[in-house]
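[1] quick one, structure for this:
(one chain, ligands or ions: 1)
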Amino acid sequence: MAKTPFYITTAISYVNGSPHLGHAYEAILTDVMARFKRLDGYDVMFLTGTDEHGEKVAKTAEQNGMKPKEFADKNAAEFQAMTKLLGISNDDFIRTTEERHHIASQAIWKRLQDNGDIYLGKYKGWYSIREEGYFTEDELTKIPETGEYLTPNGTEAKWVEEESYFFKLSEYTDKLLTYYEDHPEFIQPESRRNEIISFVKGGLKDLSISRHKDRLNWGIPVPEDKNHIMYVWLDALTNYITGVNFPDESSENFKKFWPADYHVIGKDIIRFHAVYWPAFLISAGLDIPKTIFAHGFINVQGQKMSKSVGNVLSPIDMIDTYGLEQIRYFLMREISHGQDGNFSHEQAIERMNADLANGIGNLAQRTLSMIYKNCNSQIPEHGEFTEQDNALMNQGYEKLLESLRQHTDKFEYNIVIESIMSLARNADKYIDTQAPWILKKEDPKRMETVLYVLSEVIRCIAISIQFITPDAAGKILDQINVSESNRLFKHLSADYSLKAGTNINKPYGVFPRIVEDEQMQKVSE
Ligand code: MSP
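    Now for the predicted structure:
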């Protein structure tokens, strides 16, 4: 049977600086969903990349005494390196400076134009370069001391007047409202959906979608007008279709993967994705992605990350300090993903040690060592199962999978992880009540059954946690010799239970306990 296609993307990051914890969080959040779907038998396409044009990048390049392309190359390489370092399983990495993307962006422009939605006019209004976004006067706050106007996200907006092409966004107000109404799953979470609906109900103005090249020359030229450069957001949003071969709509990738299942983005850029993007797509005669999921922002030690506060965390430093799997686990476990989250050093250490080192890691090592020593390093034979044995194993089979599926689709990974951890905790209790070390003398056959049950539970825990901590989970499955082809979610079933007599490898801990040392100060300061 053909696998169901599943297409997921992150936002593409501006290359005006180095990657930080916020970028890492989004990449991991999306990676976790992509891995989940692959394990659940889907044909997954996962795209991430970099957004390299626009005023913000051009200006920062200039401040750094570099040409925009040279500057973009340097920083795009850092984002590519971060993706590798975080174990992100993307199938493609798109840079908006690539030729394929220029072709796609000019093609979508022509489609909007052919549909009669583009005209030349003059833009007069507020613009924030930091957000590359337009604002109306009533959205801004004037700071009396400096005379600056700030957007709701706290960036400065300046008054701009220039000739530009416009997209007839105002004509899409009703179409969009109807679309939101008919597709309640389109904008998630609910709070963001309400925010967007009330914004659109306020009425939409036509959108300026080009810059005169005398003011900005870093971007994709408007087709048939060399004096204009495309607005960076029209170019940037198009990446999602470039990634599946647009404008070649008859290509296998386009047919298979468009419309995307999820665009995973931060709450600050929801308007671009939930208002502009569907309007462009309707105008171009293309389908609209199924869901825009807006995650919250991550603060550090309770404060917004900012260069001036000096609390911007680098993913490289964090991996050095805590370990990759630990970071992935913590971010996915601790945060409610539609809301803002916090990274605190103390909480991280506590969570990583309690759940990983002392929890899953200890359970696996303790059990497998008992088997290794007492059962001739082989999965033992089991006798008749008791009610407790069955209850514990059943918790790891279909019921677990059902809960994983139900919550993963809503990005409720914290709940998913909790259901896996609850199995680990019940296994610990089971060890205490069954006391295999006593059975060893009193009833060795029963000891073998108990250890068999535990090895089966460990198999289920390791299979189910692979999408969060792929490396450590893989090591546990290697220790019990579960073959690569038996590690999918469909194997969370008694039908694929471990065979008695399977050799196990010498057990070792896969989640080291994190001990505080000086290096930690770097992150906790
Ligand atoms: N280039 C645009 C996106 C274009 S998508 C067609 C952009 N880039 S960004 O580099 O500023 O942000 C990339 C992503 O990281 C966004 O989804 C943004 O919300 C997210 N984050 C940036 N800082 C963040 C935190 N502190 N916490 C969580 N995510 C944050 O926007």
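[2] can we go C-alpha only for contacts and neighbour counts from here?
    Noted.
[3] now what about the helix or strand residue 271 falls within, what contacts it?
    Take DSSP states H and E as the rule and residue 271 turns out to sit in helix 270-271. Residues from elsewhere that reach helix 270-271 (C-alpha atoms under 8 Å, 6 or more residues apart in numbering): 192, 196, 292, 294.
[4] same for the ligand: which of those are within range?
    Among the contacts of helix 270-271, no residue sits close to the ligand (C-alpha under 6 Å from any ligand atom).
[5] those in strands, which ones?
    292, 294 (DSSP state E).
[6] next SSE downstream of the strand or helix carrying residue 78?
    In this assignment (DSSP H and E), residue 78 forms part of helix 68-85. Using DSSP H and E, the helix or strand that directly follows helix 68-85 along the chain is strand 92-95.
[7] give me the residue from the stretch 251-400 of the chain nearest the ligand.
    residue 266 (3.0 Å; C-alpha to the nearest ligand atom).
[8] now do the contacts for that residue.
    Shown in contact with residue 266 (C-alpha under 8 Å, 6+ apart): 11, 26, 294-297.
[9] ditto for residue 101
    Here residue 101 is in contact with 95, 238-239, 242 (C-alpha under 8 Å, 6+ apart).
[10] let's have the residues you listed in a markdown table, adding pLDDT.
    Below are these laid out as a markdown table (pLDDT from 0 to 100):
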| residue | pLDDT |
| --- | --- |
| 95 | 98 |
| 238 | 98 |
| 239 | 98 |
| 242 | 98 |
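[11] from those residues, which land in helices?
    Cross-referencing the contacts of residue 101 against helices under DSSP state H gives 238-239, 242.
[12] surely residue 244 and residue 253 touch.
    Yes - using C-alpha atoms under 8 Å, residue 244 is in contact with residue 253, at 5.2 Å.
[13] avg pLDDT for the helix holding residue 271?
    Averaged over helix 270-271, pLDDT sits at 96.
[14] residue ranges of each domain in the chain, please.
    5-296, 321-496 (automatic domain parsing).
[15] could you give the mean pLDDT of stretch 472-492?
    Mean predicted confidence for stretch 472-492 is 97.
[16] no wait, stretch 217-235
    Rounded mean pLDDT across stretch 217-235 is 96.
[17] start and end of it, how far apart?
    14 Å (C-alpha to C-alpha, to the nearest Å).
[18] that stretch: which residues count as buried?
    Residues of stretch 217-235 classed as buried: 217-222, 228-235 (neighbour count, 16 or more other C-alpha atoms under 10 Å).
[19] the ligand: which of those residues is nearest?
    residue 233 (6.7 Å).
[20] which ones are touching the closest one?
    Applying C-alpha under 8 Å, 6+ apart, the residues contacting residue 233 are 132, 272.
[21] give me the phi and psi for the closest residue in space to residue 223 that isn't next to it in sequence.
    Take residue 223 and drop its neighbours on the chain: the residue closest to it by C-alpha to C-alpha, 6 or more residues apart in numbering is residue 106, 6.1 Å away. In terms of degrees, to the nearest 10, the main-chain angles of residue 106 are phi -70, psi -30.
[22] also residue 3?
    Torsion angles, degrees, to the nearest 10, at residue 3: phi -80, psi 150.
[23] from what I can see it touches residue 42, true?
    Yes - between residue 3 and residue 42 there is a contact under C-alpha under 8 Å: 5.3 Å.
[24] mind checking how far the residue lying closest to residue 150 once chain neighbours are set aside is from the ligand?
    Residue nearest to residue 150 in three dimensions, not counting chain neighbours: residue 156, with 4.6 Å by C-alpha to C-alpha, 6+ apart. Residue 156 sits at a distance of 15 Å from the ligand (criterion: C-alpha to the nearest ligand atom, to the nearest Å).
[25] so what's the residue nearest to residue 511 when sequence neighbours are not counted up against?
    Among residues not flanking residue 511 along the chain, residue 357 sits closest, at 4.9 Å (C-alpha to C-alpha, 6+ apart). For residue 357, the contacting residues are 510-513, by C-alpha under 8 Å, 6+ apart.
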